[in-house]
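>>> Kindly return the folded structure for what I paste below:
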Amino acid sequence: MLKMMRKSVLSSSGCYSYRSSSGTRGMPFLHSTLSTALFHSQPSNPSKSGETHLGNQPLEPRLSNVEDALKVFDEMLQRRPLPSVVRFNQVLAPLVKLKHYPTVLSLNSQMLLSGIRPDHYTLNITINCYCRLNRMDYALSVLSHFFKLGLQPDVATLTTLIHGFVLRNRVADAASVFRKMVVGGHCQPDVVTFSTLIKGFCAVGNNTAAIHLLRKMEEYGCQPNIITFSTIIDGLVKDTLVDEAKNLFSEMVGRGIVPNVITYNSMIQGVCSIERWKEAWRLLNEMASQGIFPDVFTFNILVDALCKEGRIGQAKSVVQFMIQRGIEPNTSCSILINGYCKQKKISKAYKIFKDMPLRGLVPDTVTYNTLIDGFCKAGRLQEAEKLFSEMQDCGQLPNIQTYNIILDGLCNNQQLSKAIEFLREMEGNKLKPDVVTYTIVIEGLCNAGEVQSAKDLFCGLSPKGVQPNVRTYTIMISGLCKGGLLVEAEEMLREMEQKGCSPRLYQ
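Below is the predicted model:
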């Protein structure tokens with residue numbers, strides 16, 4: 001059976017968002033900052049956030065692939081007497097790291113059938129695998145096994161469950177498990193538990209709850225670490241609460257906790273988002289003084305900031321430096337291509353694109369989408385369609401945004417019949433059009449005076465399971481008004497309000 005399973009396992013085994021620059025301020029001392037902060041600092045190894053602990057066990061053997069793990073497991077099952085559960089756990093743990101969760105669960109079943117009694121660590125691994133596979137019902141059911149075996153779930157067990165709920169944005173459920181930990185008193189939450197729940201609160205935009213939990217940590221004798229602070233700082237930055245993030249950053253440093261590259265990336269992203277360029281370069285210099293080398297995310301932020309400032313040449317220099325240092329600049333190339341497209345320098349954007357394979361880089365869907373959008377906005381539809389075909393020939397599958405970009409280009413260049421044909425092609429494929437897709441075509445039809453066709457398309461959305469949003473309604477109502485169909489426009493406005501789409505939400 002194991003051999004069959006081994007065979008089965010081995011055989012089976014977005015687009016970047018851009019905002020145009022509206023600022024006029026420059027980035028002072030760019031070249032000196034880059035030379036000190038980029039060229040003279042050393043690579044760093046930041047801690048990974050969001051990891052859960054499963055408990056302590058002896059180090060597992062070096063198993064780097066599934067086949068080796070299955071072979072070792074098979075050999076262990078043949079031994080008499082059978083090895084201890086600890087030895088089996090040491091085979092399961094590397095498979096969890098390799099993300100072969102179904103395989104781990106299958107091996108765990110084999111252990112039970114062979115009479116190997118699981119311990120805390122085995123059960124924690126099992127819960128983790130169910131959580132990763134989005135089977136929280138099964139993960140919770142494992143708790144009963146603890147009691148049947150005379151074991152008590154420990155902090156690692158409950159933290160793993162909390163992490164599982166957080167992964168699925170079920171933060172209320174995660175908080176419920178946390179409260180039961182605190183009230184029960186059998187095991188107190190540790191820094192990983194707190195940081196995991198804090199990550200959940202930040203993920204759903206509840207920064208207030210995250211900060212409240214941070215303040216509660218010390219009441220339980222638990223000191224926040226770099227992961228705890230970095231998680232909240234990132235959450236604040238994503239909600240453009242940059243000053244609050246800065247205050248927390250200062251508090252962290254005041255506690256003697258040294259920021260890592262992840263913390264600095266969040267802060268640099270934050271100040272760049274509100275065009276505080278001087279602060280961005282100050283933070284970059286500060287990183288250098290701490291001996292922290294920027295990672296690929298830092299470089300992407302810098303390239304994006306330079307492009308928004310219109311300093312495309314300097315952004316290109318950063319990308320070239322990344323290539324020299326062996327840092328894969330795929331996303332940075334997409335940002336750079338977008339920067340050239342925004343400046344209507346499509347030929348230069350296309351040259352960056354064509355040079356990528358020469359440097360060993362493979363353009364991904366984001367890169368193709370960026371350049372296709374540039375061609376469409378420049379009215380060069382033939383080249384956009386050619387690139388659309390080329391990306392599929394190269395094995396890069398178009399996503400919903402790719403189709404939306406092409407549709408927008410066709411509609412804006414008065415090629416409505418082709419746009420409708422393209423939409424029908426989408427509907428016939430597995431990739432279903434979304435509300436953005438239909439809104440683009442409806443707007444194109446309204447702008448061309450084909451209001452009845454636009455209305456027919458609009459009325460067909462709900463049967464397709466697509467709900468019009470505020471923008472869809474606004475475009476349709478505007479089209480009806482321009483077509484002199486005021487009564488129908490008023491009826492649609494009332495329908496819009498009845499469905500909870502307030503016109504005030506659309507700007």
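>>> Would you mind naming the helix or strand containing Gly444?
Per DSSP states H and E, Gly444 falls inside helix 435-447.
>>> pLDDT of that helix, averaged?
For helix 435-447, mean pLDDT rounds to 93.
>>> From the contact counts, what lies against that helix?
helix 400-412, helix 416-428, helix 451-459, helix 470-482 (3 or more C-beta pairs under 8 Å, 6 or more residues apart in numbering; DSSP states H and E). (C-beta placed from N, C-alpha, C; glycine too.)
>>> how about the CA coordinates for it, as PDB?
Only the C-alpha atoms of helix 435-447 are listed here, as PDB (Å, rounded to 0.1, in the frame of the first residue of the first chain):
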ATOM      1  CA  VAL A 435     -18.400  42.500 -12.300                       C
ATOM      2  CA  VAL A 436     -15.500  44.500 -13.500                       C
ATOM      3  CA  THR A 437     -15.500  42.700 -16.900                       C
ATOM      4  CA  TYR A 438     -19.200  43.300 -17.500                       C
ATOM      5  CA  THR A 439     -18.900  47.000 -16.200                       C
ATOM      6  CA  ILE A 440     -16.200  47.600 -18.800                       C
ATOM      7  CA  VAL A 441     -18.400  46.400 -21.700                       C
ATOM      8  CA  ILE A 442     -21.500  48.100 -20.400                       C
ATOM      9  CA  GLU A 443     -19.600  51.400 -20.200                       C
ATOM     10  CA  GLY A 444     -18.300  50.800 -23.800                       C
ATOM     11  CA  LEU A 445     -21.800  50.200 -25.100                       C
ATOM     12  CA  CYS A 446     -23.300  53.300 -23.300                       C
ATOM     13  CA  ASN A 447     -20.500  55.500 -24.600                       C
END
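>>> on that earlier part again, so which of the helices and strands packed on helix 435-447 is the most surrounded?
Of these, the one with the most neighbours on average (mean count of other C-beta atoms under 10 Å) is helix 400-412, at a mean of 22.
>>> Off-centre distance for that helix?
24 Å (C-alpha atoms, centre = their mean, to the nearest Å).
>>> mean confidence score for that helix?
On average, the pLDDT along helix 400-412 is 93.
>>> now do stretch 208-220
Rounded mean pLDDT across stretch 208-220 is 91.
>>> Alpha carbons of that stretch, as CSV, please.
Output in CSV follows, covering the C-alpha atoms of stretch 208-220 (Å, rounded to 0.1, in the frame of the first residue of the first chain):
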residue,chain,number,x,y,z
THR,A,208,-7.4,48.4,17.5
ALA,A,209,-7.9,44.9,18.7
ALA,A,210,-4.3,44.0,17.6
ILE,A,211,-2.8,46.9,19.7
HIS,A,212,-5.1,46.0,22.6
LEU,A,213,-3.8,42.5,22.6
LEU,A,214,-0.2,43.8,22.4
ARG,A,215,-0.9,45.8,25.6
LYS,A,216,-2.3,42.7,27.3
MET,A,217,0.7,40.6,26.6
GLU,A,218,2.8,41.9,29.5
GLU,A,219,-0.1,41.2,31.9
TYR,A,220,0.4,37.5,31.1
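>>> need the contact list for Leu371.
337, 341, 349-350, 353, 387 (C-beta atoms under 8 Å, 6 or more residues apart in numbering).
>>> hang on, the earlier thing: redo the helices and strands packed on helix 435-447 as JSON lines? Include distance to Val192.
Formatted as JSON lines, these follow (distance: least, C-beta to C-beta, whole Å):
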{"stretch": "helix 400-412", "distance to Val192": "36"}
{"stretch": "helix 416-428", "distance to Val192": "45"}
{"stretch": "helix 451-459", "distance to Val192": "50"}
{"stretch": "helix 470-482", "distance to Val192": "41"}
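>>> mean pLDDT lowest for which of the ones you listed?
Across the helices and strands packed on helix 435-447, helix 416-428 has the smallest mean pLDDT, namely a mean of 87.
>>> Do you have the helices of the stretch 251-400 of the chain handy? List them.
261-273, 277-289, 296-308, 312-324, 330-342, 346-355, 365-377, 381-393, 400-412 (DSSP state H, counting those that start in this stretch).
>>> do the same with the stretch 1-150 of the chain
Using DSSP H, counting those that start in this stretch, the helices assigned to the stretch 1-150 of the chain run over residues 2-12, 30-37, 66-78, 85-97, 101-113, 120-132, 136-148.
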